[in-house]
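> for reference, the sequence and a predicted model appear below.
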Amino acid sequence: MKYKKFFILGLAFFIGLISGGFFRLWIFSHTQVYLFEKNFIEKHIAQTKLGGKTPEETWAMFVSELEKDNLDNAIQFIISNEQKNYKFYFEKLKKDGKFEELIKRIKNKKIIQLPKKIGMKEDEVLYTYLTEEEIKKEGEKLIEKQYFKDTLKIGEKLKVPEEEIFQDFLLDEIPTIKFKYNKYTGKWIIKELLLGIY
Amino acid sequence: MDNKRIIIGYLLIILLFCFEITYAFDAIDTHPKLTEEAVKFYNFYSNRKINEKELEWLKEGSKNEDLSPRWVNHFYDPIHNIAINKKYFRGYIPEKGWNFIFGFLIPAEPLKSIDWSLNQEYQFLYYKLNRTFQKAIVSYFRKDYETAFKSLGHILHLLQDLGVPEHARGDPHIGRASDPPSYFENYAKTYLNKDIDIAKELYSANIKIKKFNNLYEIFNELAKFTANNWFSEDTINNDFPLPKIKYRVITGQGYLYYGHNNLPLFLELPSNNVKTTDFRAIKEAYMYEILPQVIPLSSSLIDLYFRTIEEIERNPSLLSYYVYEKEDKNWFLSLLKNPKKLLLAIKGRILTTAWENAEKLSSLRFPSLSNLINRVKSPLITPPGKYVLNIANIYTSFNPSNQQTKKNLDNTELTYFEEIIQEIKQNTRNNTSSFNLNLLENTKAESLISLNDKIQITTSSNDTLETRKEENKEENIEDGKEDERAENHQQIIGGGGRIIYKDKCDDYKNKNYPNLIISEIQFETNTNKDDEFIEIYNPNDQEIDITCWQLEKYSSLSNPTKTPSLQILLPKTKSTGIVKPYSFYLIASKNYSGTITPDYIYAESYYISKNNSLVLRKPNGEISDIVGFGDNKDKIYKFENNPFLFQNSKNKSLQRINYQDTNDNSKDFWLKKPNPKNSNFQEKPREDFVNLNEINIENFEVNVATTEENIYLSIKFKEPLLNVATSNYFYGILISTSSNFQNNIDLNEFGITSSKFEARFNGENREELIEINKCPFESEFYFGMRIMDLLDEENLSKIWFSTFTLPDYFCKKEEKGTTNAKILISELFIREGTSTNEYIELYNPNEFEVSLDGWNLIKVNRDGKEEYLFSTSTKSKYKLKGKIKPFGYFLIANANNNLNETFNVLPDAVYSKDKDFAKNNKLKLINPDNEVIDIVEWQSFNDKLILLRKAGIESTKESMKNEEKDFGNSYDNEENINEFIEFDENEPQNSKASSEIPPDYLTSVNLKIDKQNITIEFRSPYRKLNNAFYEIRKENNEKLEINLPEVKNFGQKEIIEFNGCQFDLENGDKISLILMVNNEVKNKHDLEIKNLDCSIYRAEGNETISWGRSSPTAVRKIAQEIKIDKESYIKRVKLRLSKIEKIEGDNVWLKIYTFGNGKPESGNLIFSTNISEEIIPKSFNPDWIEFNLQKIKFESGSYFLFLKEKS
């Protein structure tokens, strides 16, 4: 009797422990993501309505809008939380007189798929508008850059394969377009645009 | 109250157990590795070596320190001297929410890691309890070595964490949602290579273990080094004085900023305005710099530990400083005197224990049903992983420059750490060189082999000879005078000094190779017959050296018995290089125009064409693959089992189906868009591949299903049963007007939002509903469905199809209804508590027909909320459509009605049964331009309400039942007030009901005559008439000039009054009331004058006055006062002559004077006449006699009528 209270308290915590664990399992299995994350990222994916059936189609539509100077339309293909940033970026390019250069670079270019960057998810793909030859040229330029050489040097000490470092660097060096599959609309949207002009 | 708190507490615990947070260097791999290296480094210098068992305990301890929720105490910002900084949670946990969530679950505010490592009382409250430095000391002396070293492992963990910028800057790094992870930690986890012997390298570099006096010094040393040299992800360039930005370099995507320490610190991406530490150069430089700090300092900590132990051994009394008594005694009993602390201890222990164990429990991954359901609902599409450019191969192709890079690296100045590594590498190289083949030995070996080779050369087959010829031919074409022998053969000194040549391929002939296969062939394009390539594929998981492999082409057979000509497209003398696993080798003609760079180009004089055979041979002549292709099997020389036959290869190349090789060309190939791949590409055959062309589905059926608001296509079929687990296949939808599906209609034309649904291949019956939102036109459509491949748009099944027709109401073109017309709500039937039989009757008050297409009714409830009665959706079953004839009706009713049975009338349109009217509602009628045309509003009522629009302005319930019954319901005062009357009979009328035309003529015309006064009463027309006026004419068409009212509408009651005597009207005369419209008689009413009295006016009953004296001889006078209250016209005078006994021979005068002073003859004489005997015969003595006069106008006032007998 003396320890009844403690016994009840202990039992309650044990129930809390079990139910908490299972509740978390339940959330995981239902949402696939954390609640916070769901609210944050999933919301923006769901809000991005435009896109193509393939990354290539999305890109073609996006470039077409840029060519027509319809910035507001173009950014609709980008994940909604980034649209403002990219609008600002394109407007800055215009202000700096670099927008035409961008259009010239991406116009009528077929995009090709690249290996994924570290951390990219299953439903994300990486593309570039450069040709294989242009990528090679960028690679040639990269290996002459000091920060690459420095890293390569360190990588050697840390026993990291050179090819891996090279790939990681080159993917950060060349223009890339990260597409994400929007499971809500069945379309591919642009998650990140690194166009190599700034 | 207590119960409430406990319940809230439980809820919070459950809530918290729902989150898992990542923290610090990875506990599983990184900390144990760092600890291991620290121990090794310590052991290099120490006499008291740490043994394997102790190392394991240390590693175990360094793992366990991360158990929840101990990690909240792993932060120490030495610059601001604070623990975890809540403001860097970046929204993951709001700063304000900290106390709410953690305040309950953590026994007290988080501590700085240095304090945590020494605070026994505090740690005592946590799961795993006291793992402080003191505990490690005390346990050692109690010979509990396991606890001692595990505790020390915990402290090592805390120290090592301070090598992470996020920890040394108090930056929580959840790695979820908006709070980024520590990219440094992640990098360390991935790249802290287990094979690196850091301790040894440091030791070799003569790095010593630095001595510290206490833990604070060690922790501060590392924390300051980290905090001052790197930014954490949330503290880039803010809040901290160091590191300072020194310069930046431009990278492909942004700016890489370097600090005062010449270390790359962060990358700025201008395109999305992001600053991040997630850049390889930054992370790798960090790793490189931090390891030589973390490991020696960890060793210093171990050193401090043993020095402390030694000190206590010298002076055992010191041990008491480290003992935590409460822990040693029965903690529960010892704290009984301090209940507050006891409760805190109980709470802390239970909560932290529960938290950690709940995390462990929930980290178990069970198969999740809902996960699977989610996958089916929204299949996670595997990205198109085709033809991913192999960048690593590009790097490999830079070999020469890499060498240069390496040379450059070698020449750069080396730091101490690099020097060590360099030294170690040198040693390694020296050691490994012994494994290299000695040149002399090689030569010897080859000379031995060459004896056998000679035999092989002499016995080589005809094919080989032919090949050699081809090689020579090609050499000549390709390279002119190149000396094949010199290039392809090794010069060997034979017996007797004779020089013999040995084929360089001899070395490869004895090797066993897996098969390579020919995976794609393009032999022509539309524009160029020689634009060709052959793609070779390595389907094995090992790389294959293709040196001395050969690709042959056999021309088509002109004669079945004749051997066709042979060309060597890839001679073995030229083939070289490695084909990586699942990679390609592209051989192309010089005329090849594709963008992918071939690995080998053959001369333009060589070509492949239809009915050729390609043979890929291994160095020993063994056939690796044969492909025969064309349109005539008889002309194809070689093939596997059956050639691949086709008729038209327009714009297509021959491609191997999913790189399969069943040794039957006819089954292994198909025609697809050219897609050459070179050695830079890698692609595995798909495990989930299905040749959709071979798939069939059963029981395919398409039906149209409708609801009130939606239209669906119901697709039923039986899924094929395939043993494939994939979400890469889906059913694609096609709609066409013909069964060949050549010109398909864009699905957007049907408003179909998704053109596909996933394939399940489970063999089950399935039904899919596809919502149709638009109808492009009226037609019978063909619905087609086929299975498609997400990863290969050309991998298609056949099309299964069926016809369907969409409902008329959906497809009929909606013409815009009439907009510039007035339509009125004429009757409304509303019931309380039910919508059954509620109806709205519309009335067209116009002379023209009105189309109601696009019109709508809006119900406004008592709160002002509006609701369309007819959905504006085109696909709604219920629409307001139809025409309403001039002065006709249109009946709209709730779908839930039996009007036919109840009122013997059918509604013209129905609306959804869930639209129910109630008290205090409002109903608006809007036209297609959304202009409100009519509004009816009603208040409270009992059970039911019938509102009937009035016919005219003065309509009443009675008049509407009687004289105005057929006058329509057109009263509209534009103010929506008093337009309706509450009626007691239902009279719903639909479009078939007779028109009820409001009169455009005068009604209720009535004539009244009172003496001289004529009054005509009538009702104005009910319809509005323009340019209309009234007239009153005599029979002779003379117009009576009197004031007449303007012509109004809506049956306005009018009264016309005038003096009949003024216009010389007589009884029996007729006058006409005429309605003139546009100067024409629209309507005429003849009225007969009766009872008109134009005689002297006798006002006020003051009939006669006898005035003067009566005398037989004297003049006798009779006078009478006449009072005229309004203007009158007198045409006769009635006199009462009873007092005149005889007037024979007399001159009798009738005179009328104005009133004057009130006596006869005192006013103005306005009338005088001599009355003869004819008029008044002698002895005439009637009461009254009439004298006809000429018409005299009497103004309002008093007059004297005076009869005078002249003497």
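Thanks, I have the structure now.
> next up, the contacts around B:Gln939.
Residues near B:Gln939 by CB atoms under 8 Å, 6 or more residues apart in numbering or on different chains: B:919-920. To be clear about C-beta, it is placed using only N, CA and C from the backbone, and glycine gets the same treatment.
> and it, how close does it get to B:Lys922?
10 Å (CB to CB, to the nearest Å).
> just give me the neighbour total for B:Asp1086.
Residues within reach of B:Asp1086, counting by other CB atoms under 10 Å in any protein chain shown, total 13.
> next up, the contacts around it.
With the criterion set at CB under 8 Å, 6+ apart, B:Asp1086 makes contact with B:1070-1072.
> which helix or strand contains it?
strand B:1080-1088 (DSSP states H and E).
> ok, that strand: who's next to it in the sheet?
Note on strand B:1080-1088: by DSSP bridges, its sheet partners are strand B:1070-1077 (antiparallel).
> what does the partner strand contact?
Contacts for strand B:1070-1077 (CB under 8 Å, 6+ apart): B:1001-1002, B:1005, B:1014, B:1016, B:1018, B:1021, B:1025-1035, B:1040, B:1047, B:1056, B:1065, B:1081-1089.
> buried sites along it?
Buried residues in strand B:1070-1077, counted by 16 or more other CB atoms under 10 Å in any protein chain shown: B:1071-1077.
> over to stretch B:683-690?
Within stretch B:683-690, the residues that qualify as buried are B:683, B:686, B:688-690, counting by 16+ other CB under 10 Å.
> determine which two of the residues you listed are furthest apart.
B:Glu683 and B:Val690 (17.1 Å; CB to CB).
> mind listing the strands for the stretch 801-950 of chain B?
Per DSSP state E, counting those that start in this stretch, the stretch 801-950 of chain B carries strands over the ranges B:824-831, B:839-843, B:850-851, B:856-860, B:866-868, B:883-884, B:889-894, B:909-911, B:922-926, B:932-937, B:944-949.
> I misspoke; the intended subject was chain A.
A:112-114, A:124-128, A:176-182, A:187-194 (DSSP state E).
> what angle do the last one and strand A:176-182 make?
With axes from the mean of the first three to the mean of the last three CA atoms, to 10 degrees applied, the angle from strand A:187-194 to strand A:176-182 works out at 150 degrees.
> now for strand A:187-194, which elements pack on it?
Contact partners of strand A:187-194 among helices and strands, from 3 or more CB pairs under 8 Å, 6 or more residues apart in numbering or on different chains; DSSP states H and E: helix A:55-67, helix A:80-95, strand A:176-182.
> so can I have CSV of these showing mean neighbour count?
Listed next are the helices and strands packed on strand A:187-194 as CSV, based on neighbours: other CB atoms under 10 Å in any protein chain shown:
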stretch, mean neighbour count
helix A:55-67, 19
helix A:80-95, 17
strand A:176-182, 24
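> can I get those in TSV with mean pLDDT?
Formatted as TSV, these follow (pLDDT from 0 to 100):
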stretch	mean pLDDT
helix A:55-67	93
helix A:80-95	90
strand A:176-182	92
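> mind putting the ones you listed into TSV with distance to B:Asp634?
Formatted as TSV, the helices and strands packed on strand A:187-194 follow (distance: least, CB to CB, whole Å):
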stretch	distance to B:Asp634
helix A:55-67	42
helix A:80-95	62
strand A:176-182	50
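> residue ranges with poor pLDDT in chain A?
Low-confidence segments of chain A (pLDDT under 70): A:1-2, A:20-40.
> residue of the stretch 601-750 of chain B with the smallest distance to chain A?
Distances between the stretch 601-750 of chain B and chain A by CB to the nearest CB are smallest at B:Asn680, namely 6.8 Å.
> surely that residue meets A:Glu132?
Yes - B:Asn680 is within contact range of A:Glu132, at 6.8 Å (criterion: CB atoms under 8 Å).
> helices of chain A, start to end?
Applying DSSP state H to chain A gives helices spanning A:4-31, A:35-37, A:43-47, A:55-67, A:71-74, A:80-95, A:99-106, A:132-142, A:146-157, A:162-173.
> can you pull the buried residues of the fifth one?
By that I understand helix A:71-74. Residues of helix A:71-74 classed as buried by neighbour count (16+ other CB under 10 Å): A:71, A:74.
> what's in contact with that helix?
Applying CB under 8 Å, 6+ apart, the external contacts of helix A:71-74 come out as A:62, A:65-66, A:87, A:90-91.
> and if you look at the last one?
Outside helix A:162-173, the residues within contact range by CB under 8 Å, 6+ apart are A:114-115, A:117-118, A:126, A:135, A:138-139, A:141-143, A:148, A:151-152, A:155-156, A:194, B:251-253, B:267, B:279-281, B:284, B:391-392, B:394-396, B:402.
> B:Asn680 and A:Glu132 - which one has more neighbours?
More crowded of B:Asn680 and A:Glu132, by other CB under 10 Å: B:Asn680, with 25 against 17.
> pLDDT score assigned to that one?
Looking at B:Asn680, its pLDDT reads 81.
> okay, it and B:Ile391: tell me how far apart.
8 Å.
> cool, and B:Asp631?
Applying CB to CB to B:Asp631 and B:Ile391 gives a distance of 41 Å.
> those two - which one has more neighbours?
More crowded of B:Asp631 and B:Ile391, by other CB under 10 Å: B:Ile391, with 23 against 14.
> the more buried one touches A:Ile135, doesn't it?
Yes - counting by CB under 8 Å, A:Ile135 is a contact partner of B:Ile391 at 7.5 Å.
> now the residue in the stretch 1051-1200 of chain B that chain A sits nearest to: closest residue in space that isn't a chain neighbour?
When scored by CB to the nearest CB, the stretch 1051-1200 of chain B has B:Gly1051 as its residue closest to chain A, at 58.7 Å. Once flanking residues are discounted, B:Gly1051 sits nearest to B:Gly952: 2.9 Å by CB to CB, 6 or more residues apart in numbering or on different chains.
> contacts for the helix or strand where B:Ile534 lies?
In the assignment (DSSP H and E), B:Ile534 maps to strand B:533-537. If you take CB under 8 Å, 6+ apart as the criterion, strand B:533-537 is touched by B:516-522, B:546, B:551, B:569, B:579, B:582-589, B:592, B:594, B:598, B:608, B:614, B:616, B:656, B:659, B:674, B:676-677.
> how does it look with 6 Å?
By CB atoms under 6 Å, 6 or more residues apart in numbering or on different chains, the residues outside strand B:533-537 that reach it are B:516-517, B:519-522, B:584-588, B:592, B:659, B:676.
> what's the answer for stretch B:313-326, then?
Applying CB under 6 Å, 6+ apart, the external contacts of stretch B:313-326 come out as B:120, B:134, B:137-138, B:141, B:312, B:334.
> looking at the contacts of helix A:71-74, spot the one nearest chain B.
When the contacts of helix A:71-74 are compared for distance to chain B (CB to the nearest CB), A:Phe90 wins out at 9.0 Å.
> in contact with the closest one, which residues?
A:Leu71.
> go with 8 Å
Applying CB under 8 Å, 6+ apart, the residues near A:Phe90 are A:66, A:71, A:74-75, A:99.
> name the residues of whichever strand or helix holds B:Glu56 that come out as buried.
Applying DSSP H and E as the criterion places B:Glu56 in helix B:52-64. Within helix B:52-64, the residues scored as buried using 16+ other CB under 10 Å are B:54-64.
> same question, stretch B:293-311
Buried residues in stretch B:293-311 (16+ other CB under 10 Å): B:293-306, B:308-309.
> need the residues that contact that stretch.
Stretch B:293-311 has contacts (CB under 8 Å, 6+ apart) with B:34-35, B:37-39, B:41-42, B:45-46, B:48, B:50, B:133, B:136-137, B:140-141, B:152, B:155-156, B:159-160, B:163, B:198-199, B:202, B:207-215, B:218, B:221-222, B:225-226, B:318.
> what do you get if the cut-off is 7 Å, keeping everything else the same?
Residues outside stretch B:293-311 that contact it (CB atoms under 7 Å, 6 or more residues apart in numbering or on different chains) are B:34-35, B:37-39, B:41-42, B:48, B:136-137, B:140, B:152, B:155-156, B:159-160, B:163, B:198-199, B:202, B:207, B:209-212, B:215, B:218, B:221-222, B:225, B:318.
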